[in-house]
Structure formats: C-alpha cells, structure tokens
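> Build me a model:
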Amino acid sequence: MTLETYAGVKMTAYLYARRTVAGAQAIRYNKSKVQQEAGDLATLLTNAAADDIIKLNGIYSDAVSINKNITFDLNGYTLSNTLTVSGGNVTVAYSAFGGSANALEVTGGKAILNGGTFGSLTIGASGTVEQNGATISGLATNNGSLTTT
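Numbers count the residues shown, from 1 in each chain. Sure, this is the predicted structure:
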C-alpha cells in the first residue's frame, strides 16, 4: 500500500498477517515458500529436506534439536525450552512478529541468528554462531566461534 503525505513524499506501509493452522505446532515450507505440511514440530523436523523453512505456529515447550540445513522461523512465538543446533546450517529467523527461545545451544554446525531474543547461549567447541540483530539476554558460554554484527 502506498500513502501520499502532505509534503508530496510517498511512503510505503507493509501489512503482515500470521497464518494459523488449528492444532498445528508448526508449518513446513519448501525453499520456494510453498507450504508442504502442518502439524507436530518433531514430525516436521524429521520430514524436513535441505533448505526447508519450519515456522512455529504457537508457543512450544519441548526441547528442539536440529541437525539439518534449514530455516527455523520463531514467527513471533516463544520456544520455552532449549533449541539445540547439533549440525548443519540453521538460520533462526524471527519474522515481523519477533520471537524468542529460552536458550540456544550450538554443539555442532552453524546457527545464524537473524533477530529474535535468546535467554542464554552456549557454543560448543565445534559450533559456530553468527548473530545478526539477535539479542542474548542471559549468560553466553563460548568455546566455539561467535560473530556479531
């Protein structure tokens, strides 16, 4: 939508909408952002192919472990347990709605944090983290590699 201001300067406003699927904890999209399935987060992570996007669809309280090349979108919701990246390249996105995780543990692979809030961060000796605008509000233990922009 484009709005005209009184000074003649055009402004652009973006409208965002969150898609909810009743009973689903998450939605899986392929890399072309076409929805593949909705349902239980553990099942979606198991079914995920390389470069898929897993988007939370509500508050999730179980621990989550990811060892694939995927994007994990918090979608404005809270992961109230630990998100563990044990392998692969995992991009953690937060969308326009924000999002948070109680703790992030990177034991292997690489986590790319594109926004969001994390309670604590633990990086193992073979883990790597890129922090792009994300906030770590608690303790950070770093035995691996941490890059902050």
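
> For the rest of this, base every contact and every neighbour count on C-alpha atoms.
Fine.

> Show me which helix or strand of this protein is least confident by mean pLDDT.
Lowest mean confidence among the helices and strands of the chain (mean pLDDT, DSSP states H and E): strand 2-4, at a mean of 46.

> pLDDT weak spots in the protein?
1-23, 149 (pLDDT under 70).

> Going by residue numbers, what spans are helices in it?
Per DSSP state H, the chain carries helices over the ranges 41-47.

> Regarding it, what is its longest strand?
strand 100-114 (DSSP state E).

> what helices or strands is it leaning on?
The contact analysis (3 or more Cα pairs under 8 Å, 6 or more residues apart in numbering; DSSP states H and E) places strand 100-114 against strand 78-85, strand 89-93, strand 117-118, strand 121-132.

> Figure out which of those strands is closest to Lys55.
With Cα to Cα as the criterion, Lys55 lies closest to strand 89-93 of those, at 9.0 Å.

> which residues touch that closest one?
66-75, 109-116 (Cα atoms under 8 Å, 6 or more residues apart in numbering).

> export the helices and strands packed on strand 100-114 to TSV and tack on mean neighbour count and distance to Ser145?
Formatted as TSV, these follow (neighbours: other Cα atoms under 10 Å; distance: least, Cα to Cα, whole Å):
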stretch	mean neighbour count	distance to Ser145
strand 78-85	20	14
strand 89-93	23	14
strand 117-118	23	17
strand 121-132	19	5
